[in-house]
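1. sequence first, predicted model second:
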Amino acid sequence: MSQQETDMTNVQYQLQEKCIETLKELFEHYNSNEYMLQRIHTHVNNYLPNALKNELTNHVKRINRNHYLTNEQQIFIQVFLSKNQYYYLSNNGIFYEYDGKNYFIVKEDDIIHKLLSSISKERVLLDWKHKTKINVIKLIKDRSLLNSIPETDTIQNVLNSIYPSLFSSKNLAKYFLTIIGDNILRKNPNLIFLVSQNMKKLLLDLDNISYLSIGNTNTTNNFVTKYHENNSYENYRLLKINENYSIELWQEQLKKIGLNLLCVAAHYSKRYENSEKFLQNKSDEELKQFALYLCNNSSQKIVNTFCETYLNKVDDNKSTIQWKNLHFIWKQFLYSNTLPNMIYSNSLKNILKELYNYNEDTDCFYNLTSKYLPIESDFIKFWETSIIANNDNDQDCFDELEIDELCMLFKTWSQTKTITEENVLKILKHFFPHIEIIENKYVLNVSCNLWNKNIDIERSFDFIKSQIKEYHNLALISFDDAYNYYYKFCNNETNKFIVSKRYFEKFLYSKISKYIVYEKFIETAWVDQ
């Protein structure tokens, strides 16, 4: 006999002994009362067998019904959660729904309403409505959003949103998503990703979306824009984007795909194990070499590469490069190779001192030339001889040059040489950091002795007035019409340069503000002045 059978026999014996003991006690209690003895006999022999038979029948019915409802409940829950993919995050107490294309936040009340409506429609589980609701919500709370598996449509939609617009290759986009997934799931905590200032701005928006949608505060913390010497090159990884990508467009994209992107990122982190394994097993060689550039190179080796490709050692002692200029060439090297600045300027200078002749008094490196410096030197000469800084605090007096205008003026000054807007910006930011530049387009409080923009506009006023008198019959003159007349004047005069409409309008506000109405119109009274 098994232990279970022995235990059952013991229980039966105990129950039987208890019943016999109870009957004995009843007989002893009523031993002098014939009526009660008769009633005990009747209850035990007539009523008890039927009562027990009915009890057994009802008990079996209840068991069968419970089995039936339990089975129906399991089927209902399975089908309901299959048709309605709900998820939950315990860190922020938020429910989510996935419709096969997009993830979105959903209220618990909306889930319960849909659940109860489905139960009422099926009707089988009406008696178990509350119990089923509790079970379903509990199961949903056990389904983490970060464990969901996005459909192919969702993944491709996310990839198409960031490639090729933000990342130059699909592999790079996947690598980025895997990194974000690692951060969400708290993997690879020692890795640091060096990125550009523009990318860091984009990541701040992603960080905000991550906090608001999934309550994560660590999504982009390990993305940095500056190298710190306290950290080993081994821990750094490089990541680059298309630098011209619009921040406004990115913000609009995140509003649409932000939660999808985070879920796909978590999925990739699990699918590829982590970003390091992605580089090892899925990455192309170009991406791997760039991402692991610092990991695979020492500072000395990087500087050697710079020297080999950007500098020329010569015997001529007159060939010198000032440290400031040499530092600028280094920045050119970094920019051309899409590399962040991973060496402090003092460290770089010390390494170069070991390689080349250096004079502390002149702060110059001797017997050295570079093909990358002449255009910069020419532009600096142009700036120092032709550009005038305006420190006048008079609000009615303003000067401003646009970057493309500087390019044109430099070409006029040099007669033959051209320079790109990109190069002008880099030169100004490096050699003239005090200059105020807004939107990477407008250089404030400077003018050029080759072209006085304000005098040009004032010279056009008589012509503009004559054109208005001859051709204009309306009570007001629009800024657009005034600018068109100015443009015509410049063409007639064969002016080399024409101010932008923006600058033209600023000048009008400065000089004839009392005649300006409705923000963009000039009163005809101005014509007679």
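-> Now that the structure is in, tell me what you want to look at.

2. who are the packing partners of the helix or strand bottoming out on mean pLDDT in the chain?
-> Counting by mean pLDDT, DSSP states H and E, the chain has its least confident helix or strand at helix 48-83, which shows a mean of 78. Of the remaining helices and strands, those touching helix 48-83 by 3 or more Cβ pairs under 8 Å, 6 or more residues apart in numbering; DSSP states H and E are helix 108-122, helix 129-141. All C-beta atoms are positioned from the backbone trio N, CA, C, and that covers glycine.

3. if we ignore the residues flanking it in sequence, what's nearest K506?
-> Among residues not flanking K506 along the chain, F398 sits closest, at 6.9 Å (Cβ to Cβ, 6 or more residues apart in numbering).

4. include distance to I184 and mean neighbour count when you put the helices and strands packed on helix 48-83 into a markdown table, please.
-> A markdown table is the format used below for these (distance: least, Cβ to Cβ, whole Å; neighbours: other Cβ atoms under 10 Å):
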| stretch | distance to I184 | mean neighbour count |
| --- | --- | --- |
| helix 108-122 | 23 | 14 |
| helix 129-141 | 19 | 15 |
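
5. need the ones you listed in TSV (columns: mean pLDDT and distance to T416).
-> As requested, the helices and strands packed on helix 48-83 are exported to TSV (pLDDT from 0 to 100; distance: least, Cβ to Cβ, whole Å):
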stretch	mean pLDDT	distance to T416
helix 108-122	85	70
helix 129-141	87	72
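
6. any idea how far the spatially closest residue to N445 that is not a sequence neighbour is from Y442?
-> The spatial neighbour of N445 that comes closest, neighbours along the chain excluded (Cβ to Cβ, 6+ apart), is N390 at 4.7 Å. From N390 across to Y442, the span is 14 Å (Cβ to Cβ, to the nearest Å).

7. report the central residue of the protein.
-> The centroid of the chain falls nearest to L206 when counting by Cα atoms, centre = their mean (2.7 Å).

8. kindly export the host helix or strand of that residue (C-alpha atoms) in CSV.
-> Taking DSSP states H and E as the definition, one finds L206 inside helix 197-214. Extracted C-alpha coordinates of helix 197-214, given in CSV (Å, rounded to 0.1, in the frame of the first residue of the first chain):
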residue,chain,number,x,y,z
GLN,A,197,26.9,67.9,-30.7
ASN,A,198,24.1,67.6,-33.3
MET,A,199,23.5,63.9,-32.4
LYS,A,200,23.5,64.7,-28.7
LYS,A,201,20.7,67.2,-29.3
LEU,A,202,18.7,64.5,-31.1
LEU,A,203,19.3,62.1,-28.3
LEU,A,204,17.9,64.5,-25.7
ASP,A,205,14.6,64.4,-27.5
LEU,A,206,14.8,60.6,-27.5
ASP,A,207,15.5,60.7,-23.8
ASN,A,208,12.4,62.8,-23.2
ILE,A,209,10.3,60.4,-25.2
SER,A,210,11.7,57.5,-23.3
TYR,A,211,11.0,59.0,-19.9
LEU,A,212,7.5,60.0,-20.8
SER,A,213,6.5,56.8,-22.5
ILE,A,214,8.3,54.0,-20.6
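
9. in it, what's buried?
-> M199, L202, L203, D205, L206, D207, I209, S210, S213, I214 (16 or more other Cβ atoms under 10 Å).

10. out of those, who's nearest K138?
-> I214 (21.0 Å; Cβ to Cβ).

11. hey, C-alpha coordinates of the one helix or strand K301 maps to in CSV?
-> For K301, the host element (DSSP H and E) is helix 299-310. In CSV, the C-alpha atoms belonging to helix 299-310 read as follows (Å, rounded to 0.1, in the frame of the first residue of the first chain):
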residue,chain,number,x,y,z
SER,A,299,46.5,58.2,-29.1
GLN,A,300,50.1,58.0,-30.5
LYS,A,301,48.9,55.9,-33.4
ILE,A,302,46.1,58.3,-34.2
VAL,A,303,48.5,61.3,-34.2
ASN,A,304,50.9,59.4,-36.4
THR,A,305,48.1,58.8,-38.9
PHE,A,306,47.3,62.5,-38.8
CYS,A,307,51.0,63.5,-39.4
GLU,A,308,51.3,61.1,-42.3
THR,A,309,48.3,62.3,-44.1
TYR,A,310,48.1,66.0,-43.2
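
12. flag the shaky bits of the stretch 101-250 of the chain, pLDDT-wise.
-> Along the stretch 101-250 of the chain, segments meeting pLDDT under 70 span 122-126.

13. and what of the stretch 301-450 of the chain?
-> For the stretch 301-450 of the chain (pLDDT under 70), the answer is 391-397.

14. SS state for the residue nearest to K506?
-> Here F398 is coil, with the state taken from DSSP: H, G, I helix; E, B strand; the rest coil.

15. that one: how many residues sit nearby?
-> By the measure other Cβ atoms under 10 Å, the count of residues near F398 is 17.

16. relative to Y509, how far out is it?
-> F398 is 10 Å from Y509, where distance means Cβ to Cβ.

17. now the element after the least confident helix or strand of the chain, going C-ward?
-> Counting by DSSP H and E, what follows helix 48-83 is strand 85-89.

18. and the next helix or strand past that next one?
-> Remark: after strand 85-89, the chain's next helix or strand is strand 94-98, criterion DSSP H and E.

19. what segments of the stretch 151-300 of the chain are strands?
-> 192-194, 223-224, 236-238 (DSSP state E, counting those that start in this stretch).

20. take those strands and write them to JSON lines, including distance to W526.
-> Rendered in JSON lines, the data for those read as follows (distance: least, Cβ to Cβ, whole Å):
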{"stretch": "strand 192-194", "distance to W526": "56"}
{"stretch": "strand 223-224", "distance to W526": "54"}
{"stretch": "strand 236-238", "distance to W526": "58"}
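
21. how about these in TSV, adding mean neighbour count?
-> Converted to TSV, the strands of the stretch 151-300 of the chain look like this (neighbours: other Cβ atoms under 10 Å):
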stretch	mean neighbour count
strand 192-194	20
strand 223-224	19
strand 236-238	21
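
22. having no further points to raise, I will conclude here.
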